[in-house]
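[1] structure, please.
(one chain, ligands or ions: 1)
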Amino acid sequence: MTERVTFFDTKIDFLKGVGPQRASLLNTELNIFTYRDLIQYYPFRHEDRTRFVTIAELSEALPSAQVIGRIRDWAVVGEGPKKRLVAEFTDHTGSMDLVWFQGITHFEKFLRPGAEYIAYGKPIAFGSKYSITHPELDPLTAENEQGSTFHPIYNLTEKLRRMRVDSKLIARMMQQLLEVAYPHIHETLPNSLLEQYRMISKADAIENIHLPKSQAWLKQAERRLKFEELFYNQLRLIKNKLIHKTEYPGQVFRNMKLLNRFYKEFMPFQLTEAQKRVLREIHGDLVSGKQMNRLLQGDVGSGKTIVAFITMLMAIDNGAQACIMAPTEILADQHYYGLKVFADQLGLTIGRLTGSTRTKGRRIIHEQLQSGLMHIIVGTHALLEDVVQFKNLGLCIIDEQHRFGVAQRARLWNKNQDIYPHMMVMTATPIPRTLAMTLYGNLDLSVIDELPAGRKPIKTVHRYDTHRLEVFGFMRQQIEQGRQVYVVYPLIEESEKLDFKDLMDGHESITRAFPNHPIGVLHGRMTGYDKDFEMERFVKGETKIMVATTVIEVGVNVPNASVMVVESAERFGLAQLHQLRGRVGRGAEQSYCILMTDYKLSKETRTRIETLVKTNNGFEIADVDLQLRGPGDLSGTQQSGIADLILADLAKDGAILMAARESAQQILAEDPDLVLPQHAPIRNQVEVQREDETNWSRIS
Ligand SMILES: Nc1ncnc2c1ncn2[C@@H]1O[C@H](COP(=O)(O)OP(=O)(O)OP(=O)(O)O)[C@@H](O)[C@H]1O
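    Below you'll find the model as predicted:
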C-alpha cells in the first residue's frame, strides 16, 4: 500500500518559533516529528486558570491558587542552597511572598516593582503569611485579567525543561497548529454514533483536549476521544475474530477413542461442572471446521491442567500433535511433569524443549516432532525456533499469553503447513473483565469459575515480623500433623544481592529453628539439575519446609503443602501474592497463608494485604489490583498492546468500553465489510490505519 501523505505529515519545523534546534529537541525527547505527532501529544492534566482568589482567601486546602497583585519589592536572601529571591506580592486584602530558588538572575531582570502580575501556584502558610514557591508569573494584561481558560500541562523531560521548553511553549505551538489544522481533522466516527452518545466532533474534541473552552468542553473532549480509542480497539479485535471465524479453516477433531479410554480408566477425579462446560465449549470449536482461538481463564488451582490435557487428547485422537508453550523454564517443567503422568498412562510420547535442553536431546526431539512420533511437546520460546517442525501440529496452548507478543503467537501458528493449528491461551491469574476485553477481545472466552469440590478456602492472616516466633510455632504444629510448608522471600533484580542474603539468612534461621526437619531451598541462581532435585525432594515429602524465591510463583503443585509464609509481603504485588497463596489449598486439608510485613506500611500496601485477607477470589483481587495500579502496571501487560490506550483508563472507563464494544459489534454484524455509506468514516479510517497493528484511532 502506498503511503498517503497528508497535511499531518508536515514537519513541526514549519511552525513559527520552532526552528531546527527546538525541532530536533522535540524529535529526540518526545518523538514528535510531524504535526500528527504534536497534535496527538495530549496533555496529562489541565490547570484551572479561570478563577482568581484574593490574598485574604488563600488557604492550604487549595491545591493551587491564582492571584492578581502587585510586586511591592524583592530581595535576594540566604546563602548556598538556601539562596533565594523573595518578592513581596500584595493586593487590596493583604500581602504574601513569592519565592524562587532557581532562575534568580532571570527574575532579577524580569520583576518590576510596582507592576501588576498574575501569580499561580500552590499556597503554603508560614506563620500568618502565605507564600508560593516557584509560582508561574505573568504580567497582567487586558486579555488575561478576565481569567484565561484551562492551561494544558504536558509531560516533558528534564532536558526540555532545562532548554526552556515548557508546557506554555507547547501550548503556544498547539494553538498555532490548531488554527490551521482544524479543517483538516476528519470525522472518524459515523453520525449515528455521535448522535446516539451525544458526542462532539473529532475536530472539536482535538481542539478542546488541548485548549478547552471550559471544563464542560474538556470533559466532552475526553469522553469523545476515549470512546473513539476504545471503539477502534474493539473494532480491530472483533474484526480480527470475524476473519478467523469466517476465513480460517480448522482441522476437525471428531474421534474420541483415547479420550474415552482416559475417562474410563485413568480419570483421577470427577470434573467440576465448570471444567465440563469449558470442555464442551472447546469441543464445539474443534469440530466446527474453523480455527479455534480461545482464552481459558481460571482462578489459581481451578484445574486448568486437566482441561489442557483433555483438549490435547482431542487433537491426538485425530492424528495431530499438540504443544504447550510457557514463559519460563520452571513453568514449562511443571506442565511437563503434570502432563507426563497422564501421558504415560496412555502410552503417549511427551517431550520437553527449553533453553537448557542439550544439543543431542534437541536433535532427537526435532526428529520425533517432524516424524510425528512425539505427540505432545512442552516448552518455552525454544519452540519458536525454525528448526522446530511438526508433522501435523493441530493444537497450540499458550500459557501466560500476556508475556508473549503478537509476533511470537503468529510464529507458532505458522508451524503447520496447510492449516493453522487451533489456539488456546491460558492465563494463570484472572484478569479483570475490561482488561480481558481490550487484550483478548479477539478471542472467545471460557472461564473456570469453580474450584474442585472439597477444597477448604485458604485462611489468610497478616502478621508483623515481630511475631515470627509464633509463626514458627504454627509451622511446627502443621509439620507435626504431616503437612509441608513454603517460606517465600522476595528476590527482585534491582536489589538482588541484598535479597539473596535475606533468603540465605532466612534459610539459616529456619534451619536453626527446625533442627529435626529436613529443609530445602530453591532459587533462580541454582542450576536446572539442582532445582529439579530440590523440587522432587519436596514433592516426595522428604523435605518439610521449602525456602524459596518467587520461582515457585506459578504452576507448582504439591497438594500436601498447607502453609505458605510470605516474607516481606509488602514488596509483592497483589496478583503475585494471590499466585503464591495458590500454591497451598490444593489438597483436601485446611490451608493457611501468612503474610509477614514490617510495621510501617503505606496505605496502598495495607489495602493490598487487607484485600488478600478478605477474599480468595482471584477476579475480585484482579479488580482491586487494576484500581490500585492501573492497567499499564499489571504484571507483564506492558508490551501487549494495552499501552496503546493513550486516554482511556480501564480502571475507570469500563462503561465507555462497554458502549464502544457494543457499537463495534453492532456495526460489524450489520456491515462486516464496512461498505454502507453511513460507515464511510470508519472505512476510511480502517483503510488508512490497516498497516498499524495496534492503534486504529490515530489522526490520518
Ligand atoms: N475436578 C477436580 N477435582 C479434584 N481435583 C482436581 C480437579 N481438577 C483439578 N484438580 C486438582 O487440583 C489441583 C490444581 O489443578 P491445576 O494444577 O490444574 O490448577 P491450575 O488451574 O493450573 O492452577 P495454577 O494456575 O494455580 O497452577 C491439582 O492437584 C489437580 O490435580
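[2] is stretch 556-573 up against the ligand anywhere?
    Yes: contact of stretch 556-573 with the ligand (CB under 6 Å from any ligand atom) involves 557, 559. The way it works is simple: take the backbone N, C-alpha and C, and place the C-beta from them, glycine included.
[3] let the chain start at 18 from now.
    New numbering, starting at 18: the last item is stretch 573-590.
[4] tell me the buried residues in that stretch?
    Using 16 or more other CB atoms under 10 Å as the test for burial, stretch 573-590 gives 573, 575, 577-589.
[5] all strands for the stretch 68-217 of the chain, in order.
    82-94, 101-108, 111-117, 133-138, 140-143, 146-150, 153-156, 167-170 (DSSP state E, counting those that start in this stretch).
[6] show me what the first one pairs with in its sheet, parallel or antiparallel.
    Read that as strand 82-94. Sheet pairing of strand 82-94 (DSSP bridges) gives strand 101-108 (antiparallel), strand 133-138 (antiparallel).
[7] which secondary structure element of this structure has the lowest mean pLDDT?
    helix 423-430 (a mean of 70; mean pLDDT, DSSP states H and E).
[8] okay, now the sheet partners of whichever helix or strand comes after it, with direction.
    With elements assigned by DSSP states H and E, the helix or strand that comes after helix 423-430 is strand 439-444. With DSSP bridges as the test, strand 439-444 is paired with strand 310-315 (parallel), strand 410-416 (parallel).
[9] so what touches strand 439-444?
    For strand 439-444, contacts defined as CB atoms under 8 Å, 6 or more residues apart in numbering pick out 267-268, 299, 302-303, 308-315, 321, 325, 328, 332, 411-419, 426, 429-430, 457, 460.
[10] how about a cut-off of 7 Å?
    By CB atoms under 7 Å, 6 or more residues apart in numbering, the surrounding residues in contact with strand 439-444 are 267, 302-303, 308-314, 321, 325, 328, 411-418, 457, 460.
[11] right, and the helix or strand after it?
    Past strand 439-444, the next helix or strand by DSSP H and E is helix 450-457.
[12] any idea of the angle that next one forms with strand 310-315?
    Using axes from the mean of the first three to the mean of the last three CA atoms, to 10 degrees, one finds that helix 450-457 and strand 310-315 are set 150 degrees apart in direction.
[13] next secondary structure element downstream of helix 450-457?
    Following helix 450-457 in sequence, per DSSP H and E, is strand 461-465.
[14] strands paired with the helix or strand just after that following strand, and their directions?
    As assigned by DSSP H and E, the chain's next helix or strand after strand 461-465 is strand 476-481. Sheet pairing of strand 476-481 (DSSP bridges) gives strand 609-614 (parallel).
[15] in CSV, list the C-alpha atoms belonging to the partner strand.
    What follows is strand 609-614, C-alpha atoms only, in CSV (Å, rounded to 0.1, in the frame of the first residue of the first chain):
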residue,chain,number,x,y,z
TYR,A,609,-3.1,-21.2,55.6
CYS,A,610,-1.3,-18.2,54.1
ILE,A,611,0.7,-16.0,56.4
LEU,A,612,1.7,-12.6,55.1
MET,A,613,4.6,-11.2,57.1
THR,A,614,5.3,-7.5,57.0
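[16] among the buried residues of stretch 573-590, which pair sits farthest apart?
    Pairwise distances across the buried residues of stretch 573-590 (CB to CB) peak at 28.7 Å, for the pair Asn577 and Glu587.
[17] and the ligand, which of the strands paired with strand 82-94 is closest to it?
    strand 133-138 (50.8 Å; CB to the nearest ligand atom).
[18] still on that earlier bit, ok, and which of the strands paired with strand 439-444 has the densest surroundings?
    strand 410-416 (a mean of 26; mean count of other CB atoms under 10 Å).
[19] can you tell me what sits against that one?
    By CB under 7 Å, 6+ apart, strand 410-416 touches 268, 325, 328-329, 332, 335, 337-343, 348, 352, 421, 426, 429, 432-433, 438-443, 445.
[20] right, and the strands paired with strand 439-444 - which one's nearest the ligand?
    Of the strands paired with strand 439-444, nearest to the ligand by CB to the nearest ligand atom is strand 310-315, at 4.9 Å.
[21] hmm, that closest one touching the ligand?
    Yes: interface with the ligand: strand 310-315 contributes Gly315 (CB under 6 Å from any ligand atom).
[22] let's see that strand as PDB, backbone CA atoms only.
    The C-alpha coordinates for strand 310-315 follow below in PDB (Å, rounded to 0.1, in the frame of the first residue of the first chain):
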ATOM      1  CA  ASN A 310      -9.000 -19.000  19.200                       C
ATOM      2  CA  ARG A 311     -10.000 -19.300  22.800                       C
ATOM      3  CA  LEU A 312      -8.900 -17.700  26.100                       C
ATOM      4  CA  LEU A 313      -9.100 -20.000  29.100                       C
ATOM      5  CA  GLN A 314      -9.300 -18.200  32.300                       C
ATOM      6  CA  GLY A 315      -9.500 -19.900  35.600                       C
END
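[23] quick check: longest helix in the chain by residues?
    helix 232-264 (DSSP state H).
[24] the stretch 218-367 of the chain: helices as residue ranges?
    219-227, 232-264, 274-278, 290-303, 321-333, 346-363 (DSSP state H, counting those that start in this stretch).
[25] measure Ser319 to the ligand for me?
    4 Å (CB to the nearest ligand atom, to the nearest Å).
[26] what about Gly95, how many residues nearby?
    11 (other CB atoms under 10 Å).
[27] close to the ligand: what parts of the stretch 68-217 of the chain are there?
    Counting by CB under 6 Å from any ligand atom, no residue of the stretch 68-217 of the chain is near the ligand.
[28] where does the prediction get shaky in the stretch 368-517 of the chain?
    418-424, 426, 434, 509-512 (pLDDT under 70).
[29] and the residue of it nearest the ligand?
    Pro469 (3.3 Å).
[30] pull the contacting residues for that residue.
    Counted by CB under 7 Å, 6+ apart, Pro469 has contacts 286, 289, 320.
[31] which among these end up buried?
    For the contacts of Pro469, buried by 16+ other CB under 10 Å: 289, 320.
[32] and the contacts of Pro469 as a markdown table, adding pLDDT?
    Formatted as a markdown table, the contacts of Pro469 follow (pLDDT from 0 to 100):
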| residue | pLDDT |
| --- | --- |
| Phe286 | 90 |
| Thr289 | 95 |
| Gly320 | 89 |
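[33] mind putting the contacts of Pro469 into TSV with distance to Tyr147?
    Below are those laid out as TSV (distance: CB to CB, whole Å):
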residue	distance to Tyr147
Phe286	70
Thr289	65
Gly320	63
